[in-house]
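Asker: Here is a sequence together with a model predicted from it:
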Amino acid sequence: MIELHQASKTFANEETGHFVQALQDVDLTVGENEFVCLLGPSGCGKSTLLNLVAGFERPTAGHLLFEGRPVRAAGPDRGVVFQDPTLFPWLTVAQNVDFGLRNLGLDAAERRRITDRFVSLVGLADFARSRPHQLSGGMKQRVQLARVLALDPRALLMDEPFGALDAQTRDRLQDQLLDIWERDRKTVIFVTHNVEEAVYLADRVVVLAPAPDGITADVPISIPRPRNRYSEETREATMALIGVLADLPCCVLPSRRAGETPSRQPAITKPG
Amino acid sequence: MSTSPESDCRMPEAHLRPTAQASAAAAPALCLARRRLSGIGVLTAVGSLLIPLALWWGLAAIVMHLRHVAFPGPGETALRFIELARGRLLNDATVYRHIADSLQRWALGFGLAVGIGVSSGLLLGWSRLLERLSMPTVTVLQLVPGLAWIPIAILLFGIGESATVFMIAVTALAPIVINTTAGVKGVDELFIRAARMMGANDRTLFARVLLPGSLPHLLSGLRVGFANGWRVLVAGEMIVGTGTGLGYSIIQSRWTLDYAGAFVCIAIICAIGLLVERGFLLPLERRTVERWGLARAG
């Protein structure tokens, strides 16, 4: 469903004139209905990879296919949940959810019905008329989820969506996400640097290291669903994954706490 | 509101400095209007009104004593105001006619400036190329003193309404363009990405993301533009041949020696300025920027 062939992304730093290689020759295939967690330290290119799939950036080399077609621009078939809340502050919760529906050209009654449904789905019916700045961090992320789910995307691209939340809220939102995902099993790419989160959520964990290393491990998680985050199985899978990470070059080991400094800078090469 | 009135009064954009200087005269009046009344606030508000009145009265007394000219004090001006308000003619027209004509010219000029300024600001903020091409012109535009537009306005439109409207529009335009551009450039890239991801086309992006997103800056631009246009009204009406308007009446007092009448017009100009700020710009800010939780800190 999502295919990257030798995809690379290089950014030019306008001030220094240096090029930063964010991704180099990455091969990745994500199947239909698969829940893939992209695990790696800060600065390893996880977000860049997601931005390529989302269509926010174009690969500087290689190919990127979504459902067999090259990705040219962002669109509602790939719903993105950002780490930072990107709800429009000038719209209410319901209007934020309605924003994308308007672009689809649906009539008002239909839009209202869908908006109500998805605002309720994430448990925010009482806050439909609130503004984003009146919501907590967790609630904002739920609205973000609602506004992309309302567009019925083919895939969900989630960029550390729970990274900035406290542990309790994060656990609750993980469960809520799995609940929703179990119903229609959309394809998900979920970026995180949290090993426990990856094991709890994913069918498959892809470990990404800073360029030029790229994907250094691809680990299936075969724990049956619904999962229990405290079960022996989950702990074993987590330990196994940490074991895999430990065998990789030292700097690849993801930090377990949010907000840590990157363990390694992306490769910098002179231009030309 | 936790912000102090002083901090509300600062000019937000460093590159607006020339305009900020020019509008320094209007700033205290606008700030006065933005202060919320409550307890001590009422006292300070009354005090801030009494102090200029006392200074005016003192100045009038001193000038009359030293120069033996009839410098109208607050009392005389108030009396003249009552006369005029009852319908006594000032330069062959009622004061209401003068007010209506001035307001109409200003509304037309300011309306044009808002229309052109906001739309070109949106484009300039969106396109680096357009911004690089046109921003120097806009910057130069705002450095031209208001009065310097008189010959240009006359050459372009002759003597008449259009020339006045042009002067108001052209002095209000630059700050609106500059601030709207800054506002659009300040809209978080993530908002634009989110909008695109949800299928927004260019029109939706401009109307529902870039425009509201730039509103905090845009409002600053409207404030400065409004003050610029309102102040240039006097200069603009100097070249209007129709013989009405508050600015015209002030200039005309040179010949009629009706200085009290001129003072009444000055007071009306100030009052209308305050009214627009309190009755239009401030509510607009409350209803939008503050309600969205976007108010600039401190």
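Answerer: Structure received.

Asker: can you list the weak-confidence ranges in the chain?
Answerer: Picking chain A for this. A:249-272 (pLDDT under 70).

Asker: Hmm, no, I was thinking of chain B.
Answerer: Answering for chain B: the residues below the bar, that is pLDDT under 70, span B:1-37, B:240-242, B:295-298.

Asker: Just give the nearest non-adjacent residue to the residue of chain A at minimum distance from chain B, would you?
Answerer: At 2.8 Å from chain B, residue A:133 is the closest residue in chain A, using Cβ to the nearest Cβ. Just so you know, the C-beta spots here come from the backbone N, C-alpha and C atoms, and that holds for glycine as well. Nearest non-adjacent residue to residue A:133, counting by Cβ to Cβ, 6 or more residues apart in numbering or on different chains: residue B:293, 2.8 Å away.

Asker: Wait, the one you found touches residue A:140, no?
Answerer: No: the pair residue B:293 / residue A:140 is not scored as a contact, 11.8 Å apart, by Cβ atoms under 8 Å.

Asker: Between the two, point out the one with more neighbours.
Answerer: Using other Cβ atoms under 10 Å in any protein chain shown as the criterion, residue B:293 and residue A:140 rank with residue A:140 on top: 22 against 12.

Asker: circling back: quick check, the residue of chain A closest to chain B in a helix?
Answerer: Yes: Residue A:133: assigned to a helix according to DSSP: H, G, I helix; E, B strand; the rest coil.

Asker: For it, which residues are in contact?
Answerer: Residue A:133 makes contacts with A:89, B:292, B:293, B:294, as judged by Cβ atoms under 8 Å, 6 or more residues apart in numbering or on different chains.

Asker: Against residue A:139, how distant is it?
Answerer: Residue A:133 sits 11 Å away from residue A:139, going by Cβ to Cβ, to the nearest Å.

Asker: repeat for residue A:165
Answerer: Taken as Cβ to Cβ, the span from residue A:165 to residue A:139 is 10 Å.

Asker: again with residue B:152
Answerer: 56 Å.

Asker: More neighbours: which of these two?
Answerer: A direct count of neighbours by other Cβ under 10 Å for residue B:152 and residue A:139 places residue A:139 higher, at 21 against 14.

Asker: Let me know the secondary structure of the residue nearest to residue A:133.
Answerer: Going by three-state DSSP: residue B:293 is coil.

Asker: residues contacting it?
Answerer: Residues counted as contacts of residue B:293 (Cβ under 8 Å, 6+ apart) are A:89, A:131, A:132, A:133, A:134.

Asker: pretty sure the second one is in contact with residue A:92, am I right?
Answerer: Meaning residue A:131. Yes: counting by Cβ under 8 Å, residue A:131 touches residue A:92, with 6.0 Å between them.

Asker: Residue B:41 and chain A, how far apart?
Answerer: 26 Å (Cβ to the nearest Cβ, to the nearest Å).

Asker: Can you list phi and psi of that residue for me?
Answerer: phi -60, psi -40 (degrees, to the nearest 10).

Asker: Pull up the gap between it and residue B:47, please.
Answerer: Taking Cβ to Cβ, one finds residue B:41 at 11 Å from residue B:47.

Asker: More neighbours: the two, which one.
Answerer: residue B:41 (12 against 9).

Asker: so who does residue A:118 touch?
Answerer: Residue A:118 neighbours (Cβ under 8 Å, 6+ apart): A:97, A:146, A:147, A:149, A:150.

Asker: Quickly find the element holding the closest residue to residue B:130 other than its chain neighbours.
Answerer: Of all residues not flanking residue B:130 in the chain, residue B:124 sits nearest, at 5.3 Å (Cβ to Cβ, 6+ apart). Using DSSP states H and E, residue B:124 falls within helix B:95-126.

Asker: Around chain A, which positions in chain B sit nearby?
Answerer: B:188, B:190-191, B:193-201, B:204, B:208-209, B:212-213, B:215, B:288, B:291-294 (Cβ under 8 Å from any Cβ of the partner chain).

Asker: Please repeat the previous calculation with a cut-off of 10 Å.
Answerer: B:188-201, B:204, B:208-209, B:211-213, B:215, B:288-289, B:291-295 (Cβ under 10 Å from any Cβ of the partner chain).

Asker: From the residues you listed, list the buried ones, please.
Answerer: By neighbour count, with 16 or more other Cβ atoms under 10 Å in any protein chain shown, the residues of chain B next to chain A hold B:191-200, B:204, B:208-209, B:211-213, B:215, B:288-289, B:292, B:294-295 as buried.

Asker: distance of residue B:172 from residue A:106?
Answerer: Taking Cβ to Cβ, one finds residue B:172 at 40 Å from residue A:106.

Asker: Once you drop chain neighbours, what's closest to residue 73?
Answerer: If you meant another chain, say so; for now it's chain A. Counting by Cβ to Cβ, 6+ apart, the residue nearest residue A:73 is residue A:55, at 4.8 Å.

Asker: wrong chain, I was asking about chain B
Answerer: residue B:60 is the one closest to residue B:73 (Cβ to Cβ, 6+ apart), at 3.6 Å.

Asker: Of all residues in the stretch 101-250 of chain B, which one is closest to chain A?
Answerer: Closest point on the stretch 101-250 of chain B to chain A, by Cβ to the nearest Cβ, is residue B:198, at 3.3 Å.

Asker: tell me which element the most centrally placed residue in chain A is part of?
Answerer: Centroid-nearest residue in chain A, with Cα atoms, centre = their mean: residue A:158, separated by 2.0 Å. With secondary structure defined by DSSP H and E, residue A:158 is part of strand A:155-159.

Asker: cool, and residue B:263?
Answerer: Short version, using DSSP H and E: residue B:263 is in helix B:259-276.

Asker: Flag every buried residue along that helix.
Answerer: B:259-269, B:272-273, B:276.

Asker: Is it possible to get JSON lines of those residues that adds distance to residue B:76?
Answerer: As requested, the buried residues of helix B:259-276 are arranged in JSON lines below (distance: Cβ to Cβ, whole Å):
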{"residue": "B:259", "distance to residue B:76": "9"}
{"residue": "B:260", "distance to residue B:76": "5"}
{"residue": "B:261", "distance to residue B:76": "10"}
{"residue": "B:262", "distance to residue B:76": "12"}
{"residue": "B:263", "distance to residue B:76": "8"}
{"residue": "B:264", "distance to residue B:76": "10"}
{"residue": "B:265", "distance to residue B:76": "14"}
{"residue": "B:266", "distance to residue B:76": "13"}
{"residue": "B:267", "distance to residue B:76": "12"}
{"residue": "B:268", "distance to residue B:76": "16"}
{"residue": "B:269", "distance to residue B:76": "18"}
{"residue": "B:272", "distance to residue B:76": "21"}
{"residue": "B:273", "distance to residue B:76": "23"}
{"residue": "B:276", "distance to residue B:76": "27"}
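
Asker: quick one: which of these is nearest residue B:244?
Answerer: The nearest member of the buried residues of helix B:259-276 to residue B:244, counting by Cβ to Cβ, is residue B:265 at 11.5 Å.

Asker: contacting residues for the closest one?
Answerer: B:81, B:84, B:90-91, B:95, B:98-99, B:102, B:234, B:245-253, B:258 (Cβ atoms under 10 Å, 6 or more residues apart in numbering or on different chains).

Asker: Please consider this matter closed, and thank you.
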